[in-house]
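In: here is a sequence together with a model predicted from it:
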Amino acid sequence: MDAELSAFKSHIENEKGLSPHTVRNYLSDLNQFFVYLKNEQLSSSKEIRVDAKMVRGYLSFLYSRKVKKVSTARKLAALRSYFHYLQKEGKIEINPAKLVATPKQDKPLPRVLSIEEAVHLVQSPASKTPFDLRDRAILETIYSTGIRAEEAVRLNIEDLHSKEKLIKVRGKGKKERIVPIGAPAIAAIDKYLEQFRLETRYGEGKPLFLNRFGGRLTTRSLGRIVAKYSSSMGDAMRISPHGLRHSYATHLLDNGADLRSIQELLGHATLSTTQRYTHLSMEHLVRVYDDAHPRSKKRK
C-alpha cells in the first residue's frame, strides 16, 4: 500500500500537475480512509479490497463526526482519483468511489468587497519599505487579474508583458492562459521591482514575488498578506485571496462583462462554475431596482 501511495503521489505531482497543497491534502485524506478501514476491522494490514459499501460507510462515519460537507467531498474526490489511478494501472477492475454520490453541498454566497473597499484594500500598504511595495504589487495584481493564489506565486518576471498590458498565468493542470492586467498593477509591480528586485530583474525563471529570504513566496504567505491588510479595515472586512478573486469577477459582471468572458479570464473549465457570480450580481441588481424604480418598496 505504501508503494502504491508513493506511485500515486508521483502521478498527481508530475502528470496531473496538482499543487503541493492539494497533493498533501489528498495523501492525508487517503491515509485517514485507510486508518478508518483498519479501525473498523474492514481490512487486514496485508491487503485492502475496497468496495462502494465501505466508501459509503466512511462517508457516514465522517457525517457522524460532523465533518463539513466540503471537506467530505474533497476526501471522496481523493478516493476517486486514487482508485481511478489504480484502475488505469490494471490493479483493480472497478473504481468503488465512483459508485458513490458526492454529498450535496451547501452553497453560501462568498464574501466580496465593494469596489470602494477593494480599491481601499489594494492601496492600503504604506509604501515605506520594500515589503510594503511587494504587498501593494500582490494586492493590485490579484484584484486586477482575478488569478488564484497559487497562480500568483507561480508568476515569473518574464510572464509580465507591460507594453501589451498582459500577463501569462499557469493554472490548474499546467494549463496556461493570457489575461489582461491594469496599468495601476503594472505600475505597482514596476515600483516593487525597482526597489526590491533591481539586481535580479532580468533573466528567465525568476519568481516575481519573493519572500524575505529571496525564495518564491508560498500560497500560505500570500494568504497571510491579504488577510493582514483586509483585517486592518476591520474584522468584518477580512478576506482571503479567493475572496479578492470573487470580488474581481463580481465587479466585472456588475459593470457589464458577459459570463463567457469572465469564464476565460478566471480559467474556469466550465461555465457552471462561473455562474455562481450571477447570484452575487443579483444583490447589485436588487439595490439598483430599489433605488431607481418608482414602485419599489423603498420608494412608496
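Out: All right, it came through fine.
In: R245 touches R148, doesn't it?
Out: Yes. At 6.4 Å, R245 counts as touching R148 under the criterion of CB atoms under 8 Å. All C-beta spots, glycine's among them, are computed from the backbone N, C-alpha and C.
In: surely T219 is in contact with I147?
Out: No. In this structure, T219 sits apart from I147 without contact. The criterion is CB under 8 Å, and the distance is 11.7 Å.
In: between those two, who's got more neighbours?
Out: A count of neighbours by other CB atoms under 10 Å puts I147 above the other of T219 and I147, at 28 against 18.
In: quick one: the more buried one from S127, how far?
Out: Counting by CB to CB, to the nearest Å, the separation of I147 from S127 is 23 Å.
In: cool, and G171?
Out: Distance from G171 to S127, by CB to CB: 30 Å.
In: of these two, give the one with the bigger neighbour count.
Out: Each of G171 and S127 has its neighbours counted (other CB under 10 Å); G171 has more, 19 against 15.
In: could you look up the SS state of the residue nearest to R111 when sequence neighbours are not counted?
Out: Using CB to CB, 6 or more residues apart in numbering and skipping the chain neighbours, the partner closest in space to R111 is G243 (5.1 Å). Reducing the assignment at G243 to three states with DSSP: H, G, I helix; E, B strand; the rest coil gives helix.
In: G243 and L121 touch, don't they?
Out: No. Look at G243 against L121 with CB under 8 Å: they stay out of range, at 10.2 Å.
In: of those two, who's got more company?
Out: A side-by-side neighbour count of G243 and L121, using other CB under 10 Å, places L121 first with 23 against 18.
In: sorry, back to before: R245 and R148: who's more crowded?
Out: Under the criterion of other CB under 10 Å, the comparison of R245 against R148 puts R245 first, with 23 against 20.
In: ok, that one to R56 distance?
Out: The gap separating R245 from R56 is 34 Å, by CB to CB.
In: same check on R134?
Out: Taken as CB to CB, the spacing of R134 relative to R56 amounts to 48 Å.
In: what does S230 give?
Out: Distance check for S230 against R56: by CB to CB, it reads 40 Å.
In: what's the answer for I178, then?
Out: Relative to R56, I178 is positioned 44 Å away (criterion: CB to CB).
In: grab the nearest non-local neighbour of N31.
Out: Leaving aside its chain neighbours, N31 sits nearest to L5 (7.9 Å; criterion: CB to CB, 6+ apart).
In: what's the answer for L113, then?
Out: Spatial nearest neighbour of L113, chain neighbours left out: S247 (4.5 Å); criterion: CB to CB, 6+ apart.
In: helices of the stretch 201-300 of the chain, start to end?
Out: 219-231, 241-254, 259-266, 271-274, 276-292 (DSSP state H, counting those that start in this stretch).
In: could you check the angle the third one makes with helix 241-254?
Out: For helix 259-266 and helix 241-254, the angle between their directions (axes from the mean of the first three to the mean of the last three CA atoms, to 10 degrees) works out to 150 degrees.
In: okay, H84 and A227: tell me how far apart.
Out: 35 Å.
In: for D132, same thing?
Out: 16 Å.
In: got it, and V35?
Out: To A227, V35 is 32 Å away according to CB to CB.
In: between those two, which is the more surrounded one?
Out: Here V35 and A227 are set side by side on neighbour count (other CB under 10 Å), and the busier one is A227, at 15 against 10.
In: was I right to think the more buried one contacts R238?
Out: Yes. Checked against CB under 8 Å, the pair A227 and R238 is within contact range at 6.0 Å.
In: a helix runs through F131, doesn't it?
Out: Yes. Going by three-state DSSP, the assignment for F131 places it inside a helix.
In: looking at this, E140 is in a strand?
Out: No. Checked against three-state DSSP, E140 lies outside a strand; its state is helix.
In: give the contact list for it.
Out: Residues touching E140, when contacts are defined by CB atoms under 8 Å, 6 or more residues apart in numbering, comprise 122, 182, 184-185, 188-189.
In: now R111
Out: Contacts here follow CB under 8 Å, 6+ apart; on that basis R111 touches 239, 243, 246.
In: now G57, what's its secondary structure?
Out: Under the three-state scheme (three-state DSSP), the conformation of G57 reads as helix.
In: and it, how far from Y82?
Out: The gap separating G57 from Y82 is 17 Å, by CB to CB.
In: what degree of burial does the residue nearest to Y85 when sequence neighbours are not counted show, as a neighbour count?
Out: For Y85, ignoring the flanking residues on the chain, the nearest one in space by CB to CB, 6+ apart is F8 at 5.3 Å. The criterion is other CB under 10 Å. On that basis, F8 has 22 neighbouring residues.
In: which parts of the helix or strand that contains F8 are buried?
Out: In this structure, F8 is located in helix 2-10 according to DSSP states H and E. Within helix 2-10, the residues that count as buried by 16 or more other CB atoms under 10 Å are 8-9.
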